[in-house]
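Peer 1: Can you look at this prediction? I've put the sequence above it.
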Amino acid sequence: MKRVLIYKRYERFWHWTQAALILLLALTGFEVHGVYHLFGYENAVLFHRNLAWAFIILIIFTQFWNLTTGEWHQYVPSTKLLKAQIEYYITGIFRHAPHPTRKTVYNKFNPLQRLTYLGLRVLIIPVVVLSGLVYMYYVYLSSNGVVHNLGTVAYIHVAGAFLLLGFVIGHVYLTTTGHKPLSAIKAMLTGWEEMSDEDAEIALEENLKVALIESRKGISGQGTIEKEGMFDTAFEDVVEKLGIDTASTRLREKLIKSNVGYFRINKDGFYDEVNDVWLSLYKCMDKKKVIGSHVGLDRTPEGKKAIIQLVNKVLSGKTISGERVERVCKDGSIGYHTVSAAPYRDKDGNIAGLEGFIIDITPQVEAEKALKLKIADGHKGDAFYKLMAASKDVGYFRIDKDGFYQEVNDVWLKLYKYTAKNDIIGKHYSLSRTKEDFVALQKSVNRVLKGETIPFGITRRYCKDGTIGYHQITMTPVYDGNNIVGFEGFIVDKTDNKLAEEELKESGSV
Amino acid sequence: MKKFFEIILIVIVPWIIIFWIVFTYNGDKDRDYYSEKKIEIKHDSVPVDHSKFAVLQQKFKTPQDMTKACLSCHNGRGKEFMKTPHWLWLQKDTIPGRGVFDLGKRDLLNDFCIGINSNENLCSMCHAGYGYSNKDFDFHNQNNIDCVVCHDNTGTYHKSNPCLGPDNPKAGLPALGVNLNYVAQHVGQPRKSNCGQCHFTGGGGNNVKHGDLEMGLLHCTRNFDVHMASKGKDAENLRCQDCHKTENHNITGHLYTVASSAHNRATCVECHTDKPHKSKLLNDHFKTIACQTCHIPVYAKGFHTKIIWDWSTATKMGKNGKPIFDKDLPGNTYTYYGKTYKNVEIQYDSRHGTAVFQKDVKPEYVWFNGTANHHMLRDKVKDTTQPLILNPLFGSYHDNVDPRDPEHPSKIWPVKVMRGKQPYDPVNMLLIQPYLAGKIKGSGALWADYNWNASFKHGMKYIGLPYSGHYAFMRTETIWPLNHEVSPSDKALQCADCHNSKDSRLKNLTGFYLPGRDHSSLLDNAGLIFIILVLVGVSIHGILRIISNKKK
């Protein structure tokens, strides 16, 4: 069981104040309706009015908070997983099926809640509040001829009250469906929700992911927070606030499941573990044959020497990252990858071996070779373009001298998460970049437009769906005769690499 | 520990602050509130000593001589007074939708002693004049004005009651033994007792008629009447004319059993304004609720008032064959046409029939816009199965809420409803004017002969209307808006007296939504079923979860 931060302070203040207000409004309201005698009619009316004003003020404050913090996004309804959520409450919960959705600080509500709360916010509460105000000022409104029938106003108000009361009952009941019966209520009080380990980790992951997106929005000015350095602070903030004990086992599992090649080698240089990605990169289908074999096996002599050097470096306690390594695959072909590795330790803190990941860079190396040919040719011929346009691993782009996209290939589209070329062709390359990223890139572009070829700058991209990615970019000028009319190049995705490096950093420190 | 403080700070502290404000703050204040302490009552004093006037030293042989003496100084006052309803027993008044009529005792019937015509000898003991014994009375002779019945300050003047003995003068003459010189030398502005001798005792005894006007008002505390209280702390001891402002003998205020239009009224707002409460919420009630509705929670506080008069049982004789006079009947409940009246006194009298009296009566409530209709002498009776309302008050909820009609601001008023059962002619479909007051056997007077037919024949002939010789009794009602016996504010009606789903004072007023009283059973039942379904739903869901947890 772990605890994850879900509710912010203002939310908790708002929720409990509103809860008390609604209950007291119901209590006084139904007395005014003539159901029972409790406070006395006059007091009930006065209290109900005061409570109503407190409620209205709270609503105004909260909507302001929702707007300024962007929390209103959480009320945007979504049909995604809605059916699953309903099914969960109808059948899944009795079969002890997992919750189909997870609570995170950025996604507090499941789709059913989103729909319900939105309904409350835009329909029931406004109807109750407005009918209540008409009720309150009926004397003036009726003498101005605005309304003529207090009964209708009252019945609308009462109907809304019944719906709200029904909601409160259902709402209170559903709080018991968390990890433990009181988990949700405790979370609403303390902000921290108890979850199963699995849920907590997923929640953490979500929180991290959204923190990145949110911070990007802040930087790029698309979102609501415009603040320098938001990326780092948000990231740290989330990690710190979530306060989850980050066991190395979790990170290892994560790397094993990821789409980078994972390996673990014991201190004697023998493979303890590799994942499927590693196996497919080395093109050996049999895991059993790899486990237990030595790291120097199946390498060129230079390769063997280099790898043993690296292994020893890590075993001495250092962390390596992004070292370029040549590999000989099982079928004899040669591939290239980068390797990053960190030592791992046993309980007592002694280095027990090393683990790390490899990322295939073969397409990149091939693209580099094609580029070299192009430069050697004096930028004549279209061999480079043909290779790039057909590439299934490397993204290609051509941009005119004013900075507008002229051509991109399918890989490029995929990396930036665009669906059609028309979405991007004709647009300026500053799109999907932060201002500072753009300024940095523009310097390089100016150099390219003067005839230089710039290899392997690493840069950050913001995809169409708001996610963040990293790639290496290589840029070279495009000539028409002797004039430079634009620039072209290729990008190689490094997102997995970057994220894996972060993980590794964490792992190495444990 | 940090979290504990955080919870206190985020949840508990705001609760304490917000709910302390919510439960103590009273935002219900009217900035235009007009305190009753600002009201000033001016009392004019009479600047002269009448006992010094030579004209009042003469020995008055007749009361008319006295009046002549009064008018010798107060010239012009006679002509002025002779225009008033106290003299004419009629006034020009407009019935909305019908026209202008001479309305008054002379041409209206009620469900007490029914009508004055042919009974003037008795009735005119409350006429501010001398000698009004029949319809031929000269209403233009100012010497017949009875000045002192209103202006006597000695308390020794009263009019003769012919019922008390055969020698007593009739037709509003002074009682035997009244020293007219003494009275004439001690006149002044009317006192409560002057007005009260007629207005408290109308209908034949203390508080019989109005219910909110009784002898008790002469010496009462604020609990009895906040305005006229003369005993106890803060007694204002107001005189009638402090509210019923009077100029040139034109007294403001009129009663809707004999009046019909909303002019010349004496109203609460003249002193209190329309914002007399500190509470805006209460002042907002002014639009729909007459002040009297809340502030006269109960009437007939001191003495029983007559609420039912069943003439149909009159003329029955006792076992000895002789008439029964003022006999108290046993029992304190009376059931009349399906409605049971509790804590009542029941009297039988061969002359009057059965009468039911009640004390500390809760008013009934009607919508009233300040105008009334009247069933007049010549109006035909249409439906004899239902009570005929002799002075239907105009007004309705819609008359109130329609903003286009500011002339008819109907409000809810407290009223005394007098329920009668009185004679009518089923052939001519006319209510009957009986000849009642007479002692001479064979004259046709009911109280001499105990013969309905003879009484009706005489009475109807007197007013010039046909009588078929057939008679029956039908239910009638008169509606008496209540204005007096105003209770102090702490005794006024409380919210829940009306805003109450079980026993609302206004339960008989329908056709509009009254918060706390009204509900839609459809909506409430649907709401209740909805809540029950939610509860049942979550209970079943919860039980199933517990069962499935155990299985696991």
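Peer 2: Ah, there it is. The shown structure was predicted, so the numbers you read here are calculated from the model rather than taken from an experiment. Residues are numbered from 1 along each chain as shown, chains lettered A, B, ... in the order given.
Peer 1: mind checking the SS state of residue 78?
Peer 2: Answering for chain A, as no chain was given. When classified by DSSP: H, G, I helix; E, B strand; the rest coil, residue A:78 comes out as coil.
Peer 1: which residues touch it?
Peer 2: Residue A:78 is in contact with A:111, A:114, counting by Cβ atoms under 8 Å, 6 or more residues apart in numbering or on different chains. Bear in mind the C-beta positions are built from the backbone N, C-alpha and C, glycine included.
Peer 1: Ramachandran coordinates for it?
Peer 2: phi -140, psi 140 (degrees, to the nearest 10).
Peer 1: how close does it sit to residue A:119?
Peer 2: 14 Å (Cβ to Cβ, to the nearest Å).
Peer 1: Then residue B:262?
Peer 2: 52 Å.
Peer 1: Which one's more surrounded, those two?
Peer 2: The neighbour count for residue B:262 versus residue A:119, taken as other Cβ atoms under 10 Å in any protein chain shown, is higher for residue B:262 (20 against 15).
Peer 1: Please, where are all the helices along the stretch 401-510 of chain A?
Peer 2: For the stretch 401-510 of chain A, the helices defined by DSSP state H, counting those that start in this stretch occupy A:410-416, A:435-449, A:495-509.
Peer 1: Could you export the second one as CSV, CA atoms only?
Peer 2: Extracted C-alpha coordinates of helix A:435-449, given in CSV (Å, rounded to 0.1, in the frame of the first residue of the first chain):
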residue,chain,number,x,y,z
LYS,A,435,10.5,30.1,-27.8
GLU,A,436,13.9,29.3,-26.3
ASP,A,437,14.2,26.0,-28.3
PHE,A,438,13.3,28.0,-31.4
VAL,A,439,16.0,30.6,-30.8
ALA,A,440,18.6,28.0,-30.2
LEU,A,441,17.6,26.1,-33.3
GLN,A,442,17.5,29.3,-35.4
LYS,A,443,21.2,29.9,-34.8
SER,A,444,22.0,26.5,-36.2
VAL,A,445,19.7,27.1,-39.1
ASN,A,446,21.4,30.3,-40.0
ARG,A,447,24.7,28.5,-40.1
VAL,A,448,23.2,25.8,-42.4
LEU,A,449,21.8,28.5,-44.7
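Peer 1: Mind giving me the packing neighbours of it?
Peer 2: Under the contact criterion of 3 or more Cβ pairs under 8 Å, 6 or more residues apart in numbering or on different chains; DSSP states H and E, helix A:435-449 touches strand A:454-462, strand A:468-480, strand A:483-493.
Peer 1: as a whole number, average confidence for the shortest one?
Peer 2: Spelled out, that is strand A:454-462. On average, the pLDDT along strand A:454-462 is 68.
Peer 1: Same check on stretch B:328-338?
Peer 2: Mean predicted confidence for stretch B:328-338 is 87.
Peer 1: what does it contact?
Peer 2: With Cβ under 8 Å, 6+ apart as the test, stretch B:328-338 has contacts from B:308, B:310, B:340-348, B:354, B:356, B:419, B:475.
Peer 1: Buried ones only from those residues, please, as a PyMOL command.
Peer 2: Applying 16 or more other Cβ atoms under 10 Å in any protein chain shown to these, the buried members can be selected in PyMOL as follows:
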select buried, chain B and resi 308+310+341+344+345+346+347+348+354+356+419+475
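Peer 1: quick one: which of the contacts of stretch B:328-338 sit in strands?
Peer 2: B:308, B:310, B:340-342, B:344-348, B:354, B:356, B:419, B:475 (DSSP state E).
Peer 1: Distance to residue B:149 added to the residues you listed, as JSON lines?
Peer 2: Output for these, formatted as JSON lines (distance: Cβ to Cβ, whole Å):
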{"residue": "B:308", "distance to residue B:149": "31"}
{"residue": "B:310", "distance to residue B:149": "33"}
{"residue": "B:340", "distance to residue B:149": "41"}
{"residue": "B:341", "distance to residue B:149": "35"}
{"residue": "B:342", "distance to residue B:149": "38"}
{"residue": "B:344", "distance to residue B:149": "33"}
{"residue": "B:345", "distance to residue B:149": "30"}
{"residue": "B:346", "distance to residue B:149": "33"}
{"residue": "B:347", "distance to residue B:149": "29"}
{"residue": "B:348", "distance to residue B:149": "33"}
{"residue": "B:354", "distance to residue B:149": "32"}
{"residue": "B:356", "distance to residue B:149": "31"}
{"residue": "B:419", "distance to residue B:149": "31"}
{"residue": "B:475", "distance to residue B:149": "35"}
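Peer 1: Report how many residues lie close to residue 31.
Peer 2: No chain was given, so I picked chain A. Residue A:31: 23 neighbours (other Cβ under 10 Å).
Peer 1: Chain B is the one I meant
Peer 2: Around residue B:31 there are 6 residues (other Cβ under 10 Å).
Peer 1: And it, which helix or strand is it part of?
Peer 2: Using DSSP states H and E, no element contains residue B:31; it sits outside every helix and strand.
Peer 1: Next one: it from residue A:45, what distance?
Peer 2: 20 Å.
Peer 1: which residues in the stretch 1-150 of chain B form helices?
Peer 2: Assigned by DSSP H, counting those that start in this stretch, the stretch 1-150 of chain B shows helices spanning B:2-7, B:13-24, B:63-73, B:77-81, B:85-88, B:120-123, B:148-151.
Peer 1: export the ones you listed to CSV and tack on mean pLDDT, mean neighbour count and distance to chain A?
Peer 2: Below are those laid out as CSV (pLDDT from 0 to 100; neighbours: other Cβ atoms under 10 Å in any protein chain shown; distance: least, Cβ to the nearest Cβ, whole Å):
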stretch, mean pLDDT, mean neighbour count, distance to chain A
helix B:2-7, 73, 12, 5
helix B:13-24, 85, 14, 4
helix B:63-73, 89, 19, 51
helix B:77-81, 89, 17, 41
helix B:85-88, 90, 20, 35
helix B:120-123, 88, 22, 45
helix B:148-151, 91, 23, 42
